[in-house]
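> Whatever this is, show me its structure:
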Amino acid sequence: MAAGATLMDAGKVNELIALLHSFGVQAVMDLKPEQLGAFATKMRELGAKI
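Next up is the predicted model:
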């Protein structure tokens, strides 16, 4: 996911990992379809451009 790479490049790796864990997953691909919208919103809050 390019948005995740942008956050990682911005030094927000720990925030991204914490976000994944808050959704109960280890990777974006593990998200359930119904979680995607909320996850995208939280990524935007961290500064990702989606």
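
> Find out how far the helix or strand harbouring L36 is from the centre of the chain, if you would.
Per DSSP states H and E: L36 is located in helix 36-46. Distance of helix 36-46 from its chain centroid, counting by CA atoms, centre = their mean, to the nearest Å, is 6 Å.

> Show me what secondary structure element comes after the helix or strand of the chain with the lowest mean pLDDT.
Lowest by mean pLDDT, DSSP states H and E among the helices and strands of the chain is helix 2-9, with a mean of 82. Using DSSP H and E, the next helix or strand after helix 2-9 towards the C-terminus is helix 13-22.

> what comes up buried for that following helix?
Residues of helix 13-22 classed as buried by neighbour count (16 or more other CB atoms under 10 Å): E15, L16, L19, L20. The way it works is simple: take the backbone N, C-alpha and C, and place the C-beta from them, glycine included.

> what number of residues lie near T6?
Counted with other CB atoms under 10 Å, the neighbours of T6 add up to 17.

> Provide a list of residues in contact with it.
Neighbour list for T6: G47, A48, K49 [criterion: CB atoms under 8 Å, 6 or more residues apart in numbering].

> now do F39
Shown in contact with F39 (CB under 8 Å, 6+ apart): L19, F23, V28, L31.

> Which pLDDT value goes with the residue lying closest to R44 once chain neighbours are set aside?
Spatial nearest neighbour of R44, excluding adjacent residues (CB to CB, 6 or more residues apart in numbering): I50 at 6.0 Å. I50 is assigned a pLDDT of 84 by the prediction.
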